[in-house]
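Asker: Mind looking at a prediction? Sequence and model below.
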Amino acid sequence: MSIDHAHQSLATRARLVKIFAWIFAIVFVTQVALDGYFTFKPDDPIVVTAGEAPTGRSPEEILLVVAVLLPLLLLASIAALVIVSLIWIHRAHSNVIEQGVPMDHSAGWTVASYFIPFVNLVVPYRAMRELHNRSHGEIDEHAHNGVEDVGAWWTAYMVGFFISLALLSQLIINLTTNLVLYTPAWMEFAINGFASLCFAGAALLLVKLVGNITEAQRSSGLVSSAFE
């Protein structure tokens, strides 16, 4: 694959990451808002009027339908974002490697590392940091220097991940043992909402990171210095 073709392919993948990341973030924030509504809404008294026929769906019924469909849309957006992001990551690493630049993390290993327990807590971050630095023309000695954008993206993702893991552990304990870990509804919403906002923030930070690396690889000055 020629350099121009490889960079164009990377740019196309970057656009897909941006589209699905925004969809994911919007759906996630909408889910948080809907959860907040059902958590804190007052209980309305039921009023029945004799002889009065129902006139269409009420706003409450519409929100209930949305509450059922939204998780399905959320799962679809997560799957789409994961797929296009990993495709972009593979192409971005391949672009660097194909130009003869030594990389500690291969394209295949970087993608696979996201699915290996415990490895996925470290390697994806290190690989993205190396990719960023190499794409910006950093020499061997600076290939693993800290990058603010990479650190912000990974921190947001890790915070959301560990909070979600704690909530899932609580649910499993409550369902499979006699021990019940009680959390007030408002507190559960606050914790879950914070985790969701972390994930949404991580998605938008990924968009910035993907755009930055893609532009660095497409820029003739940066590419020439990176691949010398």
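Answerer: Perfect, thanks for sending it.

Asker: what's the helix or strand for residue 201?
Answerer: Residue 201 is part of helix 185-218, with elements assigned from DSSP states H and E.

Asker: buried ones in that helix?
Answerer: For helix 185-218, the neighbour count (16 or more other CB atoms under 10 Å) marks 189, 191-193, 195-207, 209-210, 212-218 as buried. Every C-beta, even on glycine, is put in place using the N, C-alpha and C of the backbone.

Asker: counting contacts, what elements does it pack onto?
Answerer: Packing contacts for helix 185-218, counted by 3 or more CB pairs under 8 Å, 6 or more residues apart in numbering; DSSP states H and E, involve helix 3-40, helix 59-98, helix 123-135, helix 148-176, helix 220-226.

Asker: Could you rerun that using 7 Å?
Answerer: Contact analysis of helix 185-218 by 3 or more CB pairs under 7 Å, 6 or more residues apart in numbering; DSSP states H and E lists helix 3-40, helix 59-98, helix 123-135, helix 148-176 as its packing neighbours.

Asker: relative to helix 185-218, how tilted is the second one?
Answerer: Taking axes from the mean of the first three to the mean of the last three CA atoms, to 10 degrees, helix 59-98 and helix 185-218 form an angle of 30 degrees between their directions.

Asker: which element follows helix 59-98 toward the C-terminus?
Answerer: Next in line after helix 59-98, if elements are assigned by DSSP H and E, sits helix 107-113.

Asker: quick one: low-confidence parts of this structure?
Answerer: Low-confidence segments of the chain, defined by pLDDT under 70: 1, 43-58, 220-228.

Asker: So which residue is smack in the middle of it?
Answerer: residue 203 (4.0 Å; CA atoms, centre = their mean).

Asker: My understanding was that that one contacts residue 27; is that so?
Answerer: No: distance between residue 203 and residue 27: 10.3 Å, which falls outside the contact criterion (CB atoms under 7 Å).

Asker: from the chain's centre, how far out does the helix holding residue 201 sit?
Answerer: 6 Å (CA atoms, centre = their mean, to the nearest Å).

Asker: okay, the angle between that helix and helix 123-135?
Answerer: Orientation of helix 185-218 against helix 123-135 (the same axes, to 10 degrees) gives an angle of 30 degrees.

Asker: any idea of the angle helix 185-218 forms with helix 3-40?
Answerer: Using the same axes, to 10 degrees, helix 185-218 lies at 170 degrees relative to helix 3-40.

Asker: before we move on, the earlier item: right, and the helices and strands packed on helix 185-218 - which one's nearest residue 104?
Answerer: helix 123-135 (6.0 Å; CB to CB).
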